[in-house]
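A.B. asks: Attaching a predicted model along with its sequence, questions to come.
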Amino acid sequence: MTSQSLSVPSSSSRSRARTWLLATDRALAPVALRATLAIVMFPHGAQKALGWFGGYGWDGTTGFLTGQIGMPGVAAAAVILLELLGPFLLLAGLGTRVVAAGFAGLMLGAIATVHAQHGFFMNWGGSQAGEGFEYHVLLFGAAVALSLAGGGRWSIDGRLAARLR
């Protein structure tokens, strides 16, 4: 192994990465996606962390994620915090790409561990044992779009990117 393979990335490569993470344009579509994803995800985070809206709260959710899903405790805490705090970051347009990528991963995990076994469709009529994954596919698509586009107009990311330029 050479000394170059162990070297710290140069400040210019870190700067390029930071610029890309914050970069966005003045489009309104990401604003609509940020707001929609935030509005949909916050109640789920409040259920998991606070027990609101009929949820089980921090302890109940952690117990389910670690016991039944088999997730490590740190990962369970990260899921709960992402769902609770991520919507506020999205509304502000701060860390949009990172938060959205987290939500995309979360949706893939929910599909794989809980919802795929119940098929595609939601359980509108109460005729199946659980919920399908169509809802998760929609949220995954919105999250991927934000990961690619950035925060759009009225985002803190955009303001920070302008400062870096």
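C.D. replies: Structure's in. What do you need?

A.B. asks: Report the secondary structure element holding the residue nearest the centre of the chain.
C.D. replies: The residue lying closest to the centre of the chain (C-alpha atoms, centre = their mean) is residue 103, at 2.0 Å. Under the criterion of DSSP states H and E, residue 103 resides in helix 96-110.

A.B. asks: got the contact list for that helix?
C.D. replies: 21, 24, 30, 34, 37, 41, 79, 82-83, 86, 89-90, 133, 136-137, 139-140, 142-147, 150-151, 155, 157 (C-beta atoms under 8 Å, 6 or more residues apart in numbering). Quick note: C-beta positions are derived from backbone N, CA and C, even for glycine.

A.B. asks: make it 7 Å
C.D. replies: 21, 34, 37, 41, 79, 82, 86, 89-90, 136, 139-140, 143-144, 146-147, 150-151, 155, 157 (C-beta atoms under 7 Å, 6 or more residues apart in numbering).

A.B. asks: can I get the CA coordinates of it in PDB?
C.D. replies: Extracted in PDB, the C-alpha atoms of helix 96-110 (Å, rounded to 0.1, in the frame of the first residue of the first chain):
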ATOM      1  CA  THR A  96     -31.600  18.100   1.100                       C
ATOM      2  CA  ARG A  97     -29.600  15.600  -0.800                       C
ATOM      3  CA  VAL A  98     -28.500  13.700   2.200                       C
ATOM      4  CA  VAL A  99     -31.800  13.700   4.000                       C
ATOM      5  CA  ALA A 100     -33.600  12.600   0.800                       C
ATOM      6  CA  ALA A 101     -31.100   9.900   0.200                       C
ATOM      7  CA  GLY A 102     -31.800   8.700   3.800                       C
ATOM      8  CA  PHE A 103     -35.500   8.600   3.100                       C
ATOM      9  CA  ALA A 104     -34.900   6.700  -0.200                       C
ATOM     10  CA  GLY A 105     -32.900   4.100   1.700                       C
ATOM     11  CA  LEU A 106     -35.500   4.000   4.400                       C
ATOM     12  CA  MET A 107     -38.200   3.300   1.900                       C
ATOM     13  CA  LEU A 108     -36.200   0.500   0.300                       C
ATOM     14  CA  GLY A 109     -35.700  -1.000   3.800                       C
ATOM     15  CA  ALA A 110     -39.400  -0.800   4.600                       C
END
